[in-house]
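Q: Make a model of this:
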Amino acid sequence: MVACFRFRLLSSQFLYYLSCAFLAALVIPGASAKYDTIVASNGEILQRLQDPNVAFIDSNGTIIVYSLTTGEEIPQGLASDGSGSGFDACALAWIVFSFTVGLPLLFLGVRGWRFTTAAAIGLAAALTSWAVFVNTLDNLGVSDVALTIFVLSLFGCGFLLGSLELSRVLGIQILGVLGGLALGIRIVLLGSGLLISDPSIFFVNWLIIGLCGFICSILVLWKQRFGVLNGCASTGSFLCALGVDLVINQQSGMSRGLRYLMDRNRYHVVGNVFSGYSPPMTTVIILAVSIAVTPAFAFAQHKVFKRPFWGVTTQCDLESLNPHDEELPRNEEPAATVTSSRVSSAMPETPISEKSLLPSDDEKKLKSCTTTNFSMSHD
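A: Modelled structure (predicted):
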């Protein structure tokens, strides 16, 4: 049996300590990083760029990256991360994918419940697998085509799993988290070099993203319908914005920002960190507009689609519709009862005092039979 969660059952003290633990888990890795200089194997004193990498530019202008712990050179590879180039096959695949998944979520997310939960789990699988791969590949890496096919295949597997009813609660919760992450990532990508461009406090960018995801996950537990509406609108607007930006700016806009934010592979320091992230003005406009229209699309879906997210109201929903919202009858019996009550109220029963004093035909027949039986008994 699927467990039913309700935010109101959690005490405020418990949530306070849970929030503190979550924020501490995000802050500690960045706060514990070391910032110093080391002596490399060739005797040169190198300035540390980012833990665990150091960078050195020799007299010819060639960028060389050294390990912070060993002082050995780290060979560098391409940091395209499956994004492709221009409008090649990989780039077109991501454009089509962004609109195919983003548009239904943006316009019909709360109505197409099975598609929505399937897309949520599929997106979570794709995002996680992509981040893991780009941060664990060596300098040789893999081709963009292979990485794109692999990530989209994992999305397909997650989509199939999410379309099953047993994944309903999990899909709803993941959708809420994705909506928060989509909002936080766009906020961070608004600035040149990310919102917090100082490498020494790079973790603050992820702190903002994690906080947005955490708040939206709590929103799903507290008010499921509002959390689902926010998740659909935020995730859908993010994907649509990504698709539009890929068409306009190719790999130099949001695509570049996502790679700069998530790819911290030591073999991609030259291709990623040194190249930096400076979003074009069109990218900033697209990001700002996508954030601004998110509440509008969430409100529009709330007004247009009145039914519960899963199509019918069940006892194990994380949160039912607001009791003031209009709900459709679950079966025909309540509808018949309502209709009957309306008819009876429109045509009230006639009072006894106003009924006719003349006997009806049935009463005459009954009286005649009674008289006949009485006479036969006396004979």
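Q: ok, for Gly102, nearest residue in space, not its chain neighbours?
A: Spatial nearest neighbour of Gly102, excluding adjacent residues (CB to CB, 6 or more residues apart in numbering): Leu239 at 2.9 Å. C-betas here are computed from N, CA, C, even on glycine.
Q: Secondary structure class of that neighbour, three-state.
A: helix (DSSP: H, G, I helix; E, B strand; the rest coil).
Q: any idea of the pLDDT on it?
A: Reading off the per-residue confidence, Leu239 sits at a pLDDT of 96.
Q: Ser200 now?
A: pLDDT at Ser200 comes out at 79.
Q: before we move on, back to that, hmm, Val101 and the residue nearest to Gly102 touching each other?
A: Yes - applying CB atoms under 8 Å as the test, Leu239 and Val101 come out as touching, 5.6 Å apart.
Q: Contacts only, for Gly122.
A: Contact partners of Gly122, counting by CB atoms under 8 Å, 6 or more residues apart in numbering, are Val101, Leu154, Phe155, Gly156, Cys157, Gly158, Phe159, Gly162.
Q: gap between the fourth one and Thr136?
A: Distance, Gly156 to Thr136, using CB to CB, to the nearest Å: 22 Å.
Q: swap in Arg111?
A: Using CB to CB, one gets 39 Å for the distance from Arg111 to Thr136.
Q: what does Val247 give?
A: As defined by CB to CB, Val247 lies at a distance of 30 Å from Thr136.
Q: And for Ser237?
A: Applying CB to CB, one obtains 30 Å for the distance of Ser237 from Thr136.
Q: ditto for Val177
A: The separation that Val177 has from Thr136, given CB to CB, amounts to 23 Å.
Q: So which of those two has more stuff around it?
A: Counted by other CB atoms under 10 Å, Val177 and Thr136 do not tie: Val177 has more neighbours, with 21 against 9.
Q: so that one makes contact with Cys216?
A: Yes - shown here, Val177 and Cys216 form a contact pair, counting by CB under 8 Å, at 6.5 Å.
Q: And the pLDDT for the nearest residue to Ile196 once chain neighbours are set aside?
A: Excluding the flanking residues, the one nearest Ile196 by CB to CB, 6+ apart is Val204, at 4.4 Å. With respect to pLDDT, Val204 has a value of 92.
Q: from memory Leu261 sits against Leu189, does it?
A: Yes - using CB under 8 Å, Leu261 makes contact with Leu189 at a distance of 7.2 Å.
Q: who touches both of these two?
A: Both Leu261 and Leu189 are in contact with Tyr277, where contact means CB under 8 Å, 6+ apart.
Q: Of the two, which one has the most company?
A: For Leu261 and Leu189, the more surrounded residue by other CB under 10 Å is Leu189, and the numbers stand at 26 against 19.
Q: dump the residue contacts of that one.
A: With the criterion set at CB under 8 Å, 6+ apart, Leu189 makes contact with Leu195, Met254, Gly257, Leu258, Leu261, Tyr277, Pro279, Thr283, Leu287.
Q: can I assume the last one is in contact with Ile185?
A: No - Leu287 is not in contact with Ile185 according to CB under 8 Å; the separation is 9.4 Å.
Q: which phi and psi does Arg266 have?
A: In terms of degrees, to the nearest 10, the main-chain angles of Arg266 are phi -70, psi -20.
Q: whoops, Ser67 was the one
A: Dihedral angles phi and psi of Ser67 (degrees, to the nearest 10) take the values phi -80, psi 140.
Q: buried set for stretch 203-219?
A: Going by neighbour count (16 or more other CB atoms under 10 Å), the buried part of stretch 203-219 is 203-214, 216-219.
Q: which element is Ala120 on?
A: Assigned by DSSP states H and E, Ala120 belongs to helix 113-136.
Q: pLDDT of that helix, averaged?
A: Across helix 113-136, the per-residue pLDDT values average to 92.
Q: buried sites along it?
A: For helix 113-136, a neighbour-count test (16+ other CB under 10 Å) marks 113-127, 129-131, 133-134 as buried.
Q: quick one: the helices in the stretch 201-350 of the chain?
A: Assigned helices in the stretch 201-350 of the chain, in chain order: 203-222, 224-249, 254-262, 281-304, 332-346 (criterion: DSSP state H, counting those that start in this stretch).
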